[in-house]
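Student: take this sequence and fold it.
(chains A and B)
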Amino acid sequence: MTTPTKSAPPTARSGAPSRSGLVLRVSPALLLTALALAGPWLAPKSIETPVDAPYAEPGGGAPLGGDQLGRDILSRVLAGGRELIVTSLLVAVLVTAVAAVLGAVSALRPAVGRIVERAADVLMLLPAVLGILLVTLSWPDGGRLAIVTVSVVLGVPYAVRLVAGAAAPVARSGYVEAAAVGGERLWYLVVREVLPNLRATLLALFGLRFVAAVYLVATAGFLQVGPQPPDADWALMIRENSGGILLNPWAVLAPSIAIGLLAMSVNLAAAALVPTTGRKAVPAL
Amino acid sequence: MAGSLSGAEPAGGSTLPRPVPAFLRTALHLAGVLTRRILLLAVLLALVFAAVELLPGDAATATSERGESAADVDERRRLLGLDRPVSERFWDWMTGLPTGDLGTSAHGEPVADLLSRPFPNTLLLGGIALLLTAVVSVLLGCWAAARPGGAVDRSVSASASGILALPEFVVAVALVLVFALWMDWLPAVTLTDANGSPASWQMLVLPALALAIPQIGWNTRIVRAALADEAKAPHIETAVLDGLPRRRILTHHLLPGALPTITAGIATSTGMLLGGAVVVETIFNYPGIGSVLAGAVTDRDGPLIAGVVALTGAVLTGILLLADLVRAWASGGRT
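Tutor: Residues are numbered from 1 along each chain as shown, chains lettered A, B, ... in the order given. Okay, the predicted model is just below:
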């Protein structure tokens, strides 16, 4: 965190600092995401039919060797990130949108804010991984919908706190109070007066929620409550191939590196987007 | 550290006569905190029960086998008591929890029996990881804060931010690869002794590290930020101007002030540690709740995971209560 800007007031439109440093920090995440999204088309071999012996060492047709069924690891790694990223993006967008509205409402209506606070206190007692297991096991046919739903429900309370904190000074500012006294509806105040001033916070929040969603969705994949076996999925590949880690380490190493790079680059981007507003130097994941 | 408490003591004797003595106020405050925590836990447990009940699919259909007739499924539903009204079963489940009855798994076994051996193992692993997280992140945070903006500060902060987002299973794979397979220093899988506990302490090293490393990244940032906040306080400036040694300022002035924030951060990590334990145990074949849950995933056993969530929630309530107490103590009952 070398950004020299000292605690800009949250009301200021510190949306795009437009510094080359920011671009440098955000681009790895964008590049990796684009690569993973295009991955299935880039895969040189089929991801389902074996091309080599099980756990074949790298060489010849398969640059990273074969997995437990002899399928091409390179192709599966290229194909295995799309669903993880699309699901995580969906979760991050939903959480940010819901939290933006709820956070702005909480700042304008303290009674709503207290309810949200209590909900966050309750959900703090539920580790997210256990929450995902609980819902996916009680709702076996839920599939990806179940994972998205529970990730959103578990993510919103923390995100609302962040938005409500940033929205509080905006809600107390003169022009919002003037509009409220002028008889504007709550919805109008939220959408037209408060949220436009929180663009920087919301962008940062989106980044943070994306980090959290990658963690959760990948963990669900690893616990085999997400994508199911024939699918190519980074987390699932790690789980499936861990038995052959000695024979062909790349079967586990390649998807691990992919998830690690994704998590770290997205986190780097999110950290760069966070407006440095004094106290909350460590936003809640 | 005693300095923070002494502020409250003279208030009882010297100033205006108070209708309520300080110790009683503190006791009332603590009782309030305790009641609130227990209420929150009760709400969570109700939500957990509702999730298992209201979502489509129940334990009887989840365990049904191919070709099983509808009558068989109904019979098992009756045996599991699933034909009784929801309100009755909810009351039974909730009133059973304080007595240690966690309900019945999809296979008809008491959940408490299934968890009585693995849960202490998970608490051991999580406890070691929590201790490791607390010690290392406070040390790293202090080391970084000692020279703000210096090379150490920047590299600690950067690597902390880098690892805090890593899923535990990725860290675990890296650790296994390096320390178990390439270096051959530590075992990659956990073997159990006759009691069902890990056979040797070495088997705890890698799982604890895999759990702790992301949380160390997370908490180092919290410690660093809390110390930076505290350093802005006027009494720290006075201490610096008085020429007190750096180390003394850190241990006697900065750390006590930052303690509530640090404790809250570490308490929050406990949930991540217990959740992550499920994943890490699967990789290392550690005999904890993770392995039980892995089986529950195959069987789609909702009641079993509800029991695990209930136990975890109780542990977290205890930890958060401790964090509340630390905050109350550090602020001398002023909260």
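Student: what does the stretch 151-300 of chain B have sitting close to chain A?
Tutor: B:154, B:157, B:161-170, B:173-174, B:176-177, B:181, B:218, B:221-222, B:225, B:228-229, B:265, B:268, B:271-272, B:274-276, B:278-279, B:282-283, B:293-294, B:296-297, B:300 (CB under 8 Å from any CB of the partner chain). All C-beta atoms are positioned from the backbone trio N, CA, C, and that covers glycine.
Student: give the buried subset of the residues you listed as a ChimeraX selection command.
Tutor: Remark: buried members of these, expressed as a ChimeraX selection using 16 or more other CB atoms under 10 Å in any protein chain shown:
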select /B:157,161,162,163,164,165,166,167,168,169,170,173,174,176,177,218,221,222,225,228,229,265,268,271,272,274,275,276,278,279,282,283,293,294,296,297,300
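Student: give me the subset of the residues of the stretch 151-300 of chain B next to chain A that lies in helices.
Tutor: B:154, B:157, B:161-163, B:168-170, B:173-174, B:218, B:221-222, B:225, B:228-229, B:265, B:268, B:271-272, B:274-276, B:278-279, B:282-283, B:293-294, B:296-297 (DSSP state H).
Student: got the residue ranges for the helices in the stretch 101-250 of chain B?
Tutor: Ranges of helices within the stretch 101-250 of chain B are B:111-116, B:118-146, B:151-163, B:168-175, B:202-231, B:234-241, B:246-249, based on DSSP state H, counting those that start in this stretch.
Student: pull the helix or strand with minimum mean pLDDT from chain B.
Tutor: Each helix and strand of chain B was given a mean pLDDT (mean pLDDT, DSSP states H and E); the minimum falls on helix B:2-6 at a mean of 42.
Student: is residue A:140 in a helix, a strand, or coil?
Tutor: Following DSSP: H, G, I helix; E, B strand; the rest coil, residue A:140 is assigned to coil.
Student: surely it is in contact with residue B:299?
Tutor: No - with contacts counted by CB atoms under 8 Å, residue A:140 stays clear of residue B:299, the gap being 10.6 Å.
Student: centre-most residue in chain B?
Tutor: Nearest residue to the geometric centre of chain B (CA atoms, centre = their mean): residue B:270, 2.0 Å.
Student: could I get the contacting residues of that one?
Tutor: Applying CB atoms under 8 Å, 6 or more residues apart in numbering or on different chains to residue B:270 gives the contacts B:126, B:130, B:315, B:316, B:319.
Student: now do the contacts for the second one.
Tutor: Under the criterion of CB under 8 Å, 6+ apart, the neighbours of residue B:130 are B:212, B:266, B:269, B:270, B:273.
Student: before we move on, what about the fourth one?
Tutor: For residue B:316, the contacting residues are A:124, A:125, A:127, B:270, B:271, B:274, by CB under 8 Å, 6+ apart.
Student: once you drop chain neighbours, what's closest to it?
Tutor: Leaving out its chain neighbours, the residue that sits closest to residue B:316 by CB to CB, 6 or more residues apart in numbering or on different chains is residue A:125, at 4.8 Å.
Student: give me phi/psi at that neighbour?
Tutor: Phi and psi for residue A:125, reported as degrees, to the nearest 10, are phi -80, psi 0.
Student: what's near enough to touch it?
Tutor: For residue A:125, the contact set (CB under 8 Å, 6+ apart) comprises B:40, B:41, B:44, B:271, B:312, B:313, B:316, B:317, B:320.
Student: so residue A:101 sits against residue A:190, correct?
Tutor: Yes - with contact defined as CB under 8 Å, residue A:101 reaches residue A:190; the gap is 6.2 Å.
Student: the helix or strand containing residue B:46 near chain A anywhere?
Tutor: In the assignment (DSSP states H and E), residue B:46 maps to helix B:22-54. Yes - counting by CB under 8 Å from any CB, contacts between helix B:22-54 and chain A involve B:40, B:41, B:43, B:44, B:47, B:48, B:51, B:52.
Student: what's the burial count for residue A:183?
Tutor: 7 (other CB atoms under 10 Å in any protein chain shown).
Student: do you know how far residue A:117 is from residue A:124?
Tutor: 11 Å (CB to CB, to the nearest Å).
Student: no no, residue B:269
Tutor: 12 Å.
Student: the two - which one has more neighbours?
Tutor: Comparing residue B:269 with residue A:124 by neighbour count (other CB under 10 Å), the higher total belongs to residue B:269, at 25 against 22.
Student: is that one in contact with residue B:136, as I believe?
Tutor: No - counting by CB under 8 Å, residue B:269 stays clear of residue B:136, with 11.9 Å between them.
Student: which of the contacts of residue A:125 are buried? Put it as a PyMOL command.
Tutor: Those of those that count as buried under 16+ other CB under 10 Å are selected in PyMOL with:
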select buried, chain B and resi 40+41+44+271+312+313+316+317+320
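Student: tabulate the contacts of residue A:125 (TSV), appending pLDDT.
Tutor: Putting those into TSV (pLDDT from 0 to 100) gives the following:
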residue	pLDDT
B:40	90
B:41	89
B:44	89
B:271	87
B:312	90
B:313	90
B:316	90
B:317	91
B:320	88
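Student: now residue B:178: how far from residue B:89?
Tutor: Applying CB to CB, the value for residue B:178 to residue B:89 is 49 Å.
Student: so between these two, which is more surrounded?
Tutor: Using other CB under 10 Å as the criterion, residue B:178 and residue B:89 rank with residue B:89 on top: 17 against 13.
Student: the helix or strand containing that one and chain A in contact?
Tutor: Counting by DSSP H and E, the element that carries residue B:89 is helix B:86-96. No - applying CB under 8 Å from any CB, one finds helix B:86-96 separated from chain A by no less than 13.8 Å.
Student: let me see the mean pLDDT of that helix.
Tutor: For helix B:86-96, the mean per-residue pLDDT is 79.
Student: enumerate the residues of the stretch 1-150 of chain A near chain B.
Tutor: A:1-2, A:118, A:121-131, A:133-135, A:137-142.
Student: which of those residues count as buried?
Tutor: Looking at the residues of the stretch 1-150 of chain A next to chain B with 16+ other CB under 10 Å, the buried ones turn out to be A:121-131, A:133-135, A:137-140, A:142.
Student: next step: those residues restricted to helices.
Tutor: Per DSSP H, the subset of these in helices is A:121, A:122, A:123, A:128, A:129, A:130, A:131, A:133, A:134, A:135, A:137, A:138.
Student: which single residue of chain B ends up nearest chain A?
Tutor: As assessed by CB to the nearest CB, chain A sits closest to residue B:275 within chain B, at 3.1 Å.
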